[in-house]
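Trainee: Can you look at this prediction? I've put the sequence above it.
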Amino acid sequence: MPSYFTSSPGKVILFGEHAVVYGKVATAGSLGLRSYSLVQTRTDRAIGVSLPDVQLTRTWAMNDIPRQARWEGYPYPPPMNEALLEQLAKIVNLGTQTNRSQAAIALMYLHSHLTTDEIADKGYDFSVRSNLPVGAGLGSSASYSVCVATALLKLNGHLAVGMDAIAQRDLVNQWSFQAEKVIHGNPSGIDNTVSTFGGAVMFKKGEKIEPLPGFQSLRFLLTNTRVPRETQVQVANVRKLWEKFPTVVNPMLDAINEISASCKDLFSQQGLERAHLLTQFGELVDVNHGLLAALGVSHPSLEKVREISSKLGLKSKLTGAGGGGCALTLIRDDVSTETVAVVKQLLEAEGFNCMETSVGGPGAGILTLNGPTSITEFLSHEKAYFEQGLDWKYFV
Ligand SMILES: Nc1ncnc2c1ncn2[C@@H]1O[C@H](COP(=O)(O)OP(=O)(O)OP(=O)(O)O)[C@@H](O)[C@H]1O
Ligand SMILES: C[C@@](O)(CCO)CC(=O)[O-]
Ligand SMILES: [Mg+2]
């Protein structure tokens with residue numbers, strides 16, 4: 001049996017986080033930071049799981065994990081099975097609401113539906129490591145979910161030869177959304193969609209994504225405040241506010257929707273000077289952050305990033321679920337290297353972590369290797385190892 005490496009990117013939301021959960025349009029792009037997974041069969045009917053980023057190494061006996069009978073629409077996902085989730089939480093037995101347990105339950109939920117008799121008879125090892133910070137707003141959960149979905153679909157032969165690239169990605173996207181539901185509760189699907197398809201896109205729940213050409217040329221500084229938070233909790237807090245004051249919150253969500261619409265207008269205006277485009281883009285960044293702060297998802301650390309960057313004339317907003325995690329700062333073309341260095345220095349003096357990035361790279365990919373590979377070796381190598389000279393297939 002071959003082994004499969006899979007890889008999928010994190011994401012950055014430029015405009016529209018939270019509002020997207022309520023059916024509004026959001027704008028997002030894939031990041032250069034990615035997660036990588038390795039899956040390969042065993043011979044002893046066990047599932048060996050190694051997730052060092054959440055400190056989990058554990059082996060389960062195949063017979064201990066229930067498998068679902070085939071359903072209508074197989075291999076596309078059936079509606080979420082809450083009873084199965086509860087059952088898996090008990091079997092996995094890693095406590096509730098911990099990073100490790102959510103990751104393991106998401107994996108087992110997909111395993112339970114996707115594992116064929118042939119693979120169940122052998123067992124498999126599954127391992128993930130990521131260059132993304134976990135729980136910082138850069139879509140680590142979605143990137144993990146896409147790796148799980150791609151690996152299990154491929155291992156079990158569901159990404160059949162003859163299925164075109166779009167159909168394959170669509171299947172991965174649907175299953176990674178299920179895994180995101182296990183981790184998040186009520187995700188919009190934007191994170192797994194961007195991680196699966198890559199690129200820079202406008203996203204609205206239930207609609208086809210719309211590519212946004214031109215975004216690849218934008219430069220951003222990402223600042224991880226290192227303040228931990230959980231997306232599920234931030235999303236639930238906004239929901240409480242919305243339930244309490246719907247007439248106040250709905251117009252705010254509509255305003256956020258219009259930010260993505262205005263952004264799209266900016267990029268489609270023929271002849272608009274780039275300097276003007278970037279200035280207006282920055283203004284939208286500012287307005288979006290203000291609305292998110294009003295929804296209660298900012299944090300003193302994120303306000304600190306805004307204070308420092310605005311002193312040097314730069315616009316920042318929180319990105320992802322907020323409450324800590326990461327902020328995004330637009331680097332206009334006229335901003336000097338020295339200014340960027342000063343901003344970074346000031347932010348890092350606060351204990352934050354900075355990295356420059358662009359958005360819009362490739363989505364999920366698979367690399368098929370002949371024969372077994374050592375997981376230890378896989379885990380001991382850095383990202384570059386996987387990207388050098390290897391023939392990744394991005395489903396194209
Ligand atoms: N490398 C990884 N290995 C295993 N599990 C992971 C990994 N990365 C993320 N996870 C899972 O995702 C959870 C973090 O998800 P969460 O949605 O709170 O943060 P995020 O995805 O980084 O941020 P956001 O959703 O705002 O972009 C972890 O608790 C863990 O269950
Ligand atoms: C906060 C949120 O809008 C984005 C998290 O990256 C949640 C979601 O869309 O699922
Ligand atoms: Mg997430």
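Mentor: On my side now, so go ahead. Ligands and ions are numbered 1, 2, ... in the order given.
Trainee: what's the burial count for the residue nearest to residue 80 when sequence neighbours are not counted?
Mentor: Sequence neighbours aside, residue 181 is the residue nearest to residue 80 in space, at 5.8 Å (criterion: CB to CB, 6 or more residues apart in numbering). Just so you know, the C-beta spots here come from the backbone N, C-alpha and C atoms, and that holds for glycine as well. Residue 181: 19 surrounding residues under other CB atoms under 10 Å.
Trainee: next one: the one 10 residues further on
Mentor: Burial of residue 191, expressed as a neighbour count using other CB under 10 Å, amounts to 32.
Trainee: what about the residue of the stretch 1-150 of the chain found nearest ligand 2, distance to residue 227?
Mentor: Residue of the stretch 1-150 of the chain nearest ligand 2, by CB to the nearest ligand atom: residue 17 (3.9 Å). Remark: distance between residue 17 and residue 227 (CB to CB, to the nearest Å) = 16 Å.
Trainee: Looking at the two, which one has more neighbours?
Mentor: With neighbours defined as other CB under 10 Å, residue 17 and residue 227 compare such that residue 17 has more, 30 against 17.
Trainee: Close to ligand 1: what parts of this protein are there?
Mentor: 35, 51, 53-54, 99, 102-103, 128, 130, 134-142, 144, 183-184, 191, 230-231, 320-321 (CB under 6 Å from any ligand atom).
Trainee: Give me the subset of these that also touch ligand 3.
Mentor: Filtering the residues of the chain next to ligand 1 for proximity to ligand 3 by CB under 5 Å from the ion leaves 141, 231.
Trainee: So which residues make contact with stretch 199-212?
Mentor: 16, 20-21, 23-30, 188-190, 193-194, 197, 213, 215-216, 260, 264, 267, 359-361, 363 (CB atoms under 8 Å, 6 or more residues apart in numbering).
Trainee: about what we covered before: in strands, which of the residues of the chain next to ligand 1 fall?
Mentor: Among the residues of the chain next to ligand 1, the ones falling in strands (DSSP state E) are 35, 51, 128, 130.
Trainee: out of the residues you listed, who has the most neighbours?
Mentor: residue 35 (28 neighbours).
Trainee: Distance of it relative to residue 8?
Mentor: The value you get for residue 35 to residue 8, if CB to CB is used, is 6 Å.
Trainee: for residue 344, same thing?
Mentor: 28 Å.
Trainee: The two: which has the busier surroundings?
Mentor: Using other CB under 10 Å as the criterion, residue 344 and residue 8 rank with residue 8 on top: 34 against 19.
Trainee: Next, see if the strand or helix carrying residue 304 gets close to ligand 2.
Mentor: Assigned by DSSP states H and E, residue 304 belongs to helix 300-311. No: counting by CB under 6 Å from any ligand atom, ligand 2 is not contacted by helix 300-311; separation bottoms out at 13.8 Å.
Trainee: Does at least one residue of the following helix or strand past that helix sit close to ligand 2?
Mentor: Sequence order places strand 316-318 as the next helix or strand after helix 300-311, per DSSP H and E. No: using CB under 6 Å from any ligand atom, strand 316-318 stays clear of ligand 2, with a minimum separation of 9.9 Å.
Trainee: where does the stretch 101-250 of the chain come near ligand 2, residue by residue?
Mentor: 139, 184, 187, 188, 190, 191, 231, 235.
Trainee: Rank those by pLDDT and give me only the lowest.
Mentor: Lowest pLDDT among these: residue 184, with 88.
Trainee: quick one: residue 26 and residue 189 touch, right?
Mentor: No: if you go by CB atoms under 8 Å, residue 26 and residue 189 don't touch, sitting 10.4 Å apart.
Trainee: hey, where'd the helices end up in this protein?
Mentor: Along the chain, the segments classed as helices by DSSP state H run 82-92, 99-114, 117-120, 140-155, 165-184, 190-197, 231-244, 246-268, 274-294, 300-311, 337-349, 375-380, 383-387.
Trainee: Tabulate those (a markdown table), appending distance to residue 42.
Mentor: Output for the helices of the chain, formatted as a markdown table (distance: least, CB to CB, whole Å):
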| stretch | distance to residue 42 |
| --- | --- |
| helix 82-92 | 19 |
| helix 99-114 | 14 |
| helix 117-120 | 10 |
| helix 140-155 | 12 |
| helix 165-184 | 22 |
| helix 190-197 | 27 |
| helix 231-244 | 33 |
| helix 246-268 | 46 |
| helix 274-294 | 46 |
| helix 300-311 | 44 |
| helix 337-349 | 44 |
| helix 375-380 | 11 |
| helix 383-387 | 22 |
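Trainee: Now the weakest link among the ones you listed, please, by mean pLDDT.
Mentor: Taking the mean pLDDT of these, helix 383-387 comes last: a mean of 52.
Trainee: Got a ChimeraX select line for the buried ones in the residues of the chain next to ligand 1?
Mentor: Only the buried entries of the residues of the chain next to ligand 1 go into this ChimeraX selection, using 16 or more other CB atoms under 10 Å:
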select :35,51,53,54,99,102,103,128,130,134,135,136,137,138,139,140,141,142,144,183,184,191,230,231,320,321
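Trainee: Without its sequence neighbours, what residue ends up closest to residue 368?
Mentor: residue 2 (5.1 Å).
Trainee: Contact partners for that neighbour?
Mentor: 40, 368, 369, 370, 371.
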